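Trainee: Let me see the structure of the following:
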Amino acid sequence: MKLFTYLLLISTCISFQSRATEPADGEKKKKPNVLIIFPDQLRRYSAGFWSEEPYRDQVIGKPDPVVTPNIDKLAKNGVVFTQAVSNFPLCSPYRGMMLSGRYPEQNGIWNNCRQDRNESLRDDIPTITDLFYDAGYNTSYFGKCHWLKNDPLFDENGNYKGTTEAPGGHYANQYDTYIPNGPSRHSIEYFYQSVKDEHYNPMVYASDPAAVGGKSDGELYLPKTFSAKNEADLIVDYLKNQNKQRDNDKPFCMIWSLNPPHNPWTDESTDMEALHEHYDTDKFPKVDQSLVVRENADLEVANYARHYFANVTSVDTYIGQVLDQLSAMGELDNTIVIFSSDHGEMLGSHGKEGKNTVELEAMAIPFIVHYPDRLKGESITDLLISVPDVLPTTMGLAGLNKQIPKGIEGYDFSDYLENPAKSKVKKPEAVLVMLGNARGVLSDRYTLCLRENKKAWAKKQGTDLAESFMYDNVEDPYQLNKIPLDQKPTESKALLKILAEELKRTNDPWYQKKKYSEVIPYN
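Mentor: Below you'll find the model as predicted:
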């Protein structure tokens, strides 16, 4: 009996000691924060780390000579995607897909939202902010929105009136509009919106009067400050939470959409201190191939390279301030930081500037996932990731896999990111890409494009294929040679089959009308 009592006492002590060393329930179940950062029009290779090993070997062509220490730090402590793609390289279509996890036919945005168009993100579908809000997160959005139909609902001074009747009846901006509180804001609690492509003169609307000089939600505020700096300052304040902007007992889901380095590329819309320090004539006497390095670039077209790169570096600086604040709070390692962009920038390649083309400079985007608490840092993946994958993958990383709606068309790659060797997730062979006048797929080697006989932005319907071609992005990294499909029949047949499957899966209008069925094998 004494022996039994003794053994029972030892067992109880061991059990107690084991429980005592376990983390407390609150600590054990602590949810990660989410921070999605995407500067506008930042091309994939405009970051310093691409010039270093082991990343340099993954570059298609040459990386840009830019200074980005904070993005570099994210990359070296996170997972770098070498083949992330903007499926529709245009501001509003990207936002529709990123927010909703659905392709354009299902989310409502087939072109940039502006005052002469009806494009608008559907109010009746859940977005990433809705879903994280429902999961008990504080939700916030800072920066450019560009997902709502632009109607004349403002007075002549840019204040929202919600009616076309006087004093309403005016537009605030031709290309973008304020998102009023309600369904179109998609459960965003703390809202700070910057409208207008003038980096030192953004039009701001916010839900927090303290952030906009006491103005109410919908009243125009003009901070007259570089937009990236202005937003970074407000985000740092939000994180510190000294004015009770959020519930400290909840994790946060924050989206930050910076407008730079989007055009205009002028002295008035550029951080000139960054330009003088890193890209002025003392370092780059001419805009030549020491500054604009891609071999398909027209240097005369790319004359704005200094301004573009200066705003990239400036954006990096202000991103660093936000990351430093998270680190000071002890929250950086428990925050899922996703760094990407809505699309790239041609910067003179193929004689073009801007985006909205199928060439890599426009479609190739950065994508880094930094989450030290769960993902191994200094990792590289060649996984082809698409914009609709952002929502389900982020939810998966946050442990919300079971709350991903059935209508989501993107894929949850969180399991693959954690353990590629054991993951049951199938890597895509190719991903769907599109323009207003084209469809195609991008694989790890080829870009396939079928282009209609219409302009990308034209409202009329295409009636025939103007061209069908492929790029070999390995043998021809600058895409100088369009390959007719009959010159690579085996490869083109395989890619056309994937294209048909993806058009069907996403209920694309081309599939609905069985357009160009003589080329695309729908059945």
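
Trainee: Every contact and neighbour count from this point should use C-alpha atoms.
Mentor: Will do.

Trainee: quick check: domain ranges of this protein?
Mentor: 33-418, 430-512 (automatic domain parsing).

Trainee: okay, how far is it across the longest one, tip to tip?
Mentor: Taking C-alpha to C-alpha, to the nearest Å, the first and last residues of domain 33-418 lie 17 Å apart.

Trainee: pLDDT of it, averaged?
Mentor: The average pLDDT within domain 33-418 is 97.

Trainee: got it, and the shortest one?
Mentor: If you average the pLDDT over domain 430-512, you get 96.

Trainee: dump the residue contacts of Asn263.
Mentor: Neighbour list for Asn263: Asp197, Tyr308 [criterion: C-alpha atoms under 8 Å, 6 or more residues apart in numbering].

Trainee: roughly how far apart are it and Glu501?
Mentor: 36 Å.

Trainee: hmm, back to that, present the domains of the chain as CSV; the columns should include distance to Glu518.
Mentor: Conversion of these to CSV gives the following (distance: least, C-alpha to C-alpha, whole Å):
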stretch, distance to Glu518
domain 33-418, 22
domain 430-512, 11
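
Trainee: So which of these is nearest Tyr522?
Mentor: The minimum distance between Tyr522 and the domains of the chain falls on domain 430-512, with 5.1 Å, by C-alpha to C-alpha.

Trainee: Show me how far that closest one is from its chain's centre.
Mentor: Mean C-alpha position of domain 430-512 versus that of the full chain (C-alpha atoms, centre = their mean, to the nearest Å) differs by 23 Å.

Trainee: From Thr225, how far off is the closest residue to Ser216 other than its chain neighbours?
Mentor: Leaving out its chain neighbours, the residue that sits closest to Ser216 by C-alpha to C-alpha, 6 or more residues apart in numbering is Pro209, at 5.5 Å. Plainly put, Pro209 is 17 Å away from Thr225 if you go by C-alpha to C-alpha.

Trainee: Repeat that for Tyr55.
Mentor: Separation of Tyr55 from Thr225 (C-alpha to C-alpha): 35 Å.

Trainee: Which of those two has more residues huddled nearby?
Mentor: Neighbour comparison, Tyr55 and Thr225: the larger count goes to Tyr55, with 17 against 13 (by other C-alpha atoms under 10 Å).

Trainee: What is the neighbour count of the residue lying closest to the more buried one once chain neighbours are set aside?
Mentor: The shortest distance from Tyr55 to any non-neighbouring residue, by C-alpha to C-alpha, 6+ apart, is to Phe49 (6.8 Å). Neighbour count for Phe49, taken as other C-alpha under 10 Å: 25.

Trainee: Tell me if Phe49 really is in a strand.
Mentor: No. Going by DSSP: H, G, I helix; E, B strand; the rest coil, the assignment for Phe49 is helix, not a strand.

Trainee: Can you show me the helices along this protein?
Mentor: Counting by DSSP state H, one finds helices in the chain at the ranges 2-21, 25-28, 69-76, 91-100, 104-107, 128-134, 227-240, 272-278, 305-328, 360-363, 390-397, 414-418, 489-505, 509-512.

Trainee: which of the residues in stretch 205-223 are buried?
Mentor: Across stretch 205-223, burial judged by 16 or more other C-alpha atoms under 10 Å covers 205-208, 211-212, 215-221, 223.

Trainee: which residues touch the residue nearest to Tyr55?
Mentor: Contacts for Phe49 were tallied using C-alpha under 8 Å, 6+ apart; they are Tyr55, Arg56, Thr68, Ile71, Asp72, Ala75.

Trainee: For Leu360, see how far away it is.
Mentor: Per C-alpha to C-alpha, Phe49 is found 19 Å from Leu360.

Trainee: cool, Val195 as well?
Mentor: According to C-alpha to C-alpha, Val195 and Leu360 sit 28 Å apart.

Trainee: before we move on, what about Gly158?
Mentor: Between Gly158 and Leu360 the computed distance is 38 Å (C-alpha to C-alpha).

Trainee: just the strands in the protein please.
Mentor: 33-37, 79-84, 138-143, 190-195, 203-206, 252-257, 335-340, 367-370, 379-385, 430-435, 438-443, 446-452, 465-472, 483-484 (DSSP state E).

Trainee: wait, which of those is closest to Asn356?
Mentor: Short answer: strand 430-435, nearest of these by C-alpha to C-alpha, at 6.6 Å.

Trainee: Tell me which strands the closest one pairs with, and in which orientation.
Mentor: As defined by DSSP bridges, the strand partners of strand 430-435 come to strand 438-443 (antiparallel).

Trainee: rewinding a little: which among the contacts of Phe49 count as buried?
Mentor: For those, buried by 16+ other C-alpha under 10 Å: Tyr55, Thr68, Ile71, Asp72, Ala75.

Trainee: Including distance to Lys482, could these go into JSON lines?
Mentor: Listed next are the buried ones among the contacts of Phe49 as JSON lines, based on distance: C-alpha to C-alpha, whole Å:
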{"residue": "Tyr55", "distance to Lys482": "27"}
{"residue": "Thr68", "distance to Lys482": "34"}
{"residue": "Ile71", "distance to Lys482": "34"}
{"residue": "Asp72", "distance to Lys482": "34"}
{"residue": "Ala75", "distance to Lys482": "33"}
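
Trainee: follow-up on the earlier one: now the helices of the chain in JSON lines, with distance to Phe191?
Mentor: Below are the helices of the chain laid out as JSON lines (distance: least, C-alpha to C-alpha, whole Å):
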{"stretch": "helix 2-21", "distance to Phe191": "41"}
{"stretch": "helix 25-28", "distance to Phe191": "29"}
{"stretch": "helix 69-76", "distance to Phe191": "25"}
{"stretch": "helix 91-100", "distance to Phe191": "15"}
{"stretch": "helix 104-107", "distance to Phe191": "21"}
{"stretch": "helix 128-134", "distance to Phe191": "12"}
{"stretch": "helix 227-240", "distance to Phe191": "11"}
{"stretch": "helix 272-278", "distance to Phe191": "29"}
{"stretch": "helix 305-328", "distance to Phe191": "17"}
{"stretch": "helix 360-363", "distance to Phe191": "29"}
{"stretch": "helix 390-397", "distance to Phe191": "19"}
{"stretch": "helix 414-418", "distance to Phe191": "28"}
{"stretch": "helix 489-505", "distance to Phe191": "34"}
{"stretch": "helix 509-512", "distance to Phe191": "34"}
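
Trainee: Thanks a lot, catch you later.
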